[in-house]
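Engineer: could you work out the structure for the sequence below:
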Amino acid sequence: MKVSIRDLEQWEFGAVGISNPEISTLKRYFELIQATNSILGDIAEFGVSRGSSIITTGLLLNDLNQKTIYGFDTFSGFPGYSEFDDFEMFNKLYDNNAITKNHFERVMKNKSYVLARGSDTNPKNISTSMDFSATSLEIVQNKIKYFALQDRIKLVVGDFTKNLHDKLSNKTFSLVLIDSDLYESYEKILPIIWNKLAPGGYIYLDEYYSLKFPGPRIAVDSFVKNQKSILVRLPDWLDFERWALHKPLNI
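Structural biologist: The predicted structure follows:
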C-alpha cells in the first residue's frame, strides 16, 4: 500500500525515526522536492545514516511523481579527515571574511557547549552523532520495506565517487542533498554531481552554514569560483542560514 506523508500523525515520525518535513531542520530541502518536481531527473542523497530524510523524501514523492531516490552511504561512519575539517579552520574562515562575525560568534558559542557536555572539537566527536558509526544499512532497509518504498529508493553502498562513475553514469538528477559533513566528500562529490544536475536543478548544502564542520564551506566556495553555479541563500529556518547551489536553466 502506498503511504502518503499526509497519512502520518506527528508522533509517528519520531516513533519510526523519520523527519517531519514541516518542522525538520531539512524543511527547506523538502520544499525543494516540490519546487523541482517538473524538472527532468531523479534525486540523490549523500549521507543516508539511519534513513530519516531519505524515507521522508520517498513518502513525499508518493504524492508527486515516479522519481527514484538514490541514497549514497558507506554505512560505516566517517572514512577519514582532511586538514580542512580541523575546527580551527573556522578562525581562518573568519580572518579571510569567508564567514560573518555572527557566524563565527555562534561557532565559538557552540564550542563552549560542546566542551560543557564533555565532548571536544575533534571532527570525530563534535557532533552528537559522533562519527556516524552507529549508522545501519539494515535499519534503513527495514524502513524502506515497512513503507513499501523498494521501487522508490535505491541504496548505493560504498565509496560515493566510485559509485557515481560506475553505477550511475547515465543518470540525471533534479535535486541533490549533500549531508556528509566533511571536506573531502563535498570536494569530490560536487564536480561529478554538478555535471549530472539538470538545468533548473538544486544541490542542497546541509553543512555550508555549520557550527561544527568548516570543511564543506571551504569545498563549496572553491567549487563555486570555477563553475557557472549560483549559490542561493534559501529562507532561514530554525535560526540557521540554509544554502543551495542552483544550475541556471540556460546553462
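
Engineer: from here on, just use CA atoms for contacts and neighbour counts.
Structural biologist: OK.

Engineer: now Leu234. Its backbone dihedrals?
Structural biologist: In this entry, Leu234 is assigned phi and psi values of phi -80, psi 170 (degrees, to the nearest 10).

Engineer: surely it is in contact with Arg28?
Structural biologist: Yes - in this structure Leu234 lies within contact range of Arg28 using Cα atoms under 8 Å: 7.2 Å.

Engineer: which helix or strand contains Trp11?
Structural biologist: helix 10-16 (DSSP states H and E).

Engineer: what's that helix in contact with?
Structural biologist: Residues lying outside helix 10-16 but in contact with it, judged by Cα atoms under 8 Å, 6 or more residues apart in numbering, are Ser19, Asn20, Lys143.

Engineer: show me what contacts the second one?
Structural biologist: Contacts of Asn20 were listed using Cα under 8 Å, 6+ apart, and they are Gln10, Phe13, Thr56.

Engineer: who wins for most neighbours among those residues?
Structural biologist: Using other Cα atoms under 10 Å as the neighbour definition, these reach their maximum at Thr56, which records 19 neighbours.

Engineer: and the next helix or strand past the strand or helix carrying it?
Structural biologist: Per DSSP H and E, Thr56 falls inside helix 52-61. Along the chain past helix 52-61, the next helix or strand (assigned with DSSP H and E) turns out to be strand 69-73.

Engineer: list the neighbouring strands of that next one plus their orientation.
Structural biologist: The pairing partners recorded for strand 69-73 under DSSP bridges are strand 42-46 (parallel), strand 153-157 (parallel).

Engineer: what does the last one contact?
Structural biologist: Strand 153-157 is touched from outside by Ile54, Gly58, Thr68, Ile69, Tyr70, Gly71, Phe72, Asp73, Thr74, Phe75, Ile144, Asn163, with contacts defined as Cα under 8 Å, 6+ apart.

Engineer: quick check: longest helix of the protein.
Structural biologist: Longest helix of the chain, by residue count under DSSP state H: helix 101-116.

Engineer: which neighbouring elements make contact with that helix?
Structural biologist: Applying 3 or more Cα pairs under 8 Å, 6 or more residues apart in numbering; DSSP states H and E, one finds that helix 101-116 contacts helix 89-95.

Engineer: in the chain, which spans are helices?
Structural biologist: When secondary structure is read from DSSP H, the chain shows helices at 10-16, 27-35, 52-61, 89-95, 101-116, 137-146, 160-167, 183-196, 215-225.

Engineer: would you mind finding the most buried of those?
Structural biologist: Here the criterion is mean neighbour count by mean count of other Cα atoms under 10 Å, and of the helices of the chain the winner is helix 52-61, at a mean of 23.
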